[in-house]
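Make a model of this:
(4 chains)
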2 protein chains.
Amino acid sequence: MSAAKRAGAIRLSEEQVHLIAKALADPRRMELLRQIGSCTDPTQCTAIRDCHSISAATLSHHMKELETAGLVMVTREGKFASYTLKRDVLRAYTDRLGTI
Amino acid sequence: MSAAKRAGAIRLSEEQVHLIAKALADPRRMELLRQIGSCTDPTQCTAIRDCHSISAATLSHHMKELETAGLVMVTREGKFASYTLKRDVLRAYTDRLGTI
DNA sequence: TCATCAATTAGACGCTTATCTAATTATCAA
DNA sequence: TTGATAATTAGATAAGCGTCTAATTGATGA
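Down below sits the predicted model:
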C-alpha cells in the first residue's frame, strides 16, 4: 500500500477537485465508475463495452475523463486496456466535500 | 434534529445524486456552497453578492441550482433571502460516493 | 402613492461537452 | 505479410450551461 493510502494523506488540488466533480457529473461516467469499482481486479475495456450501449469512441472519451480526473488507473497489455478505480482519490474527494 | 439527520437515513434518488453532482461541478457554486457552509446561521443573499463579482441574475441562477439539488435551504423575510447548507444531504451524497 | 431596492425571470450569446461516424494506430494470429 | 481486432483520434453536430443585460415582481419606506 502506498504511503498516501496508508496515511490518508492525498492532497487534491483545487483543479483536481474540479476535474473530479465534472467527471462525476455525467450519469454514464458514474455507471462506468461503479462497474469498475465493483471489482478489485482491473476491469477490461471490452468487458465494459459489452455492458453499455455506447460507441468505442465515446467510451474512450469517458475513460480519458476519468483518468484525467485521477479516478481510475489504466493498465495496458498488448491491444487491451484495463481500468482500476483509485479509491484513495475518490476518498480524498469525499473527505474534501466533508470539510465544506 | 430531524429523524433523517439523527439516523443518517437520507436516501437520495439517482436523480438527486445527479443533480448534486452537477451542482458541485461548477467552481462558482462550490465557492458559494463553501461560504454558506462556513456559518451555521443562514447566509444572506446580499452578503453573498458582496463577496463575489457576479450579477444578481447569475447568483440567483446558481442558488436555484443548489436549491434544486437539495444542497441548500432558502428562507425568506420580506424581500431578503437567506441560505443554509443542508449538511445531511451533502453527507448522504458523500456516503453514496463511498459505496462505489 | 411612488420611488427604491432585493430578487427572479426572460432572452440572448458563446463556450463546453456528449455523442456519433470515419479514419488511424497498434497488436495479434493465421 | 496480411487480415482482423482493440483502442484512440479527428471532425461534426446537437444539446447543455454559465453569463450577461433588460424587464419584471414583490416589499419597504418616505
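
For chain A, give me the ranges with low pLDDT.
Within chain A, the segments meeting pLDDT under 70 span A:1-8.

Spell out which parts of it neighbour DNA strand C.
A:22, A:25-26, A:28, A:53-58, A:61-62, A:65, A:77-79 (Cβ under 7 Å from any atom of the strand). From N, CA and C alone the C-beta is placed, and that goes for glycine too.

can we see that at 6 Å?
A:Lys22, A:Asp26, A:Arg28, A:Ile54, A:Ser55, A:Ala57, A:Thr58, A:His61, A:His62, A:Glu65, A:Gly78, A:Lys79 (Cβ under 6 Å from any atom of the strand).

Name the residues that touch stretch A:41-57?
With Cβ atoms under 8 Å, 6 or more residues apart in numbering or on different chains as the test, stretch A:41-57 has contacts from A:28, A:31-32, A:35-36, A:59, A:63, A:75, A:80-84.

So is that stretch next to DNA strand D?
Yes: contact of stretch A:41-57 with DNA strand D (Cβ under 6 Å from any atom of the strand) involves A:Gln44, A:Cys45, A:Thr46, A:Ala56, A:Ala57.

Tell me the buried residues in that stretch?
A:Pro42, A:Thr43, A:Cys45, A:Ile48, A:Ile54 (16 or more other Cβ atoms under 10 Å in any protein chain shown).

Just give me the closest of those to chain B.
Checking those against chain B with Cβ to the nearest Cβ, the nearest one is A:Thr43 at 12.9 Å.

Please report how far the closest one lies from A:Leu71.
13 Å (Cβ to Cβ, to the nearest Å).

can you check A:Ile10 too?
Separation of A:Ile10 from A:Leu71 (Cβ to Cβ): 12 Å.

Need the overlap of contacts for the two.
With Cβ under 8 Å, 6+ apart, A:Ile10 and A:Leu71 have common neighbours A:Val89.

between those two, who's got more neighbours?
More crowded of A:Ile10 and A:Leu71, by other Cβ atoms under 10 Å in any protein chain shown: A:Leu71, with 26 against 19.

which bits of chain A sit near chain B?
With Cβ under 8 Å from any Cβ of the partner chain as the criterion, chain A meets chain B at residues A:14, A:17-18, A:21-22, A:24-25, A:27, A:30, A:33-34, A:37, A:85, A:90-91, A:93-94, A:97-98, A:100.

Just the CA trace of the one helix or strand A:Lys22 maps to, in CSV.
Element membership for A:Lys22 (DSSP states H and E) is helix A:14-24. Coordinates of the C-alpha atoms in helix A:14-24 are reproduced here as CSV (Å, rounded to 0.1, in the frame of the first residue of the first chain):
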residue,chain,number,x,y,z
GLU,A,14,-8.5,22.7,-6.4
GLU,A,15,-8.1,21.9,-10.1
GLN,A,16,-8.3,18.2,-9.4
VAL,A,17,-11.3,18.7,-7.2
HIS,A,18,-13.0,20.4,-10.1
LEU,A,19,-12.0,17.7,-12.6
ILE,A,20,-13.4,15.0,-10.3
ALA,A,21,-16.6,16.9,-9.7
LYS,A,22,-17.1,17.3,-13.5
ALA,A,23,-16.2,13.6,-14.1
LEU,A,24,-18.9,12.6,-11.6
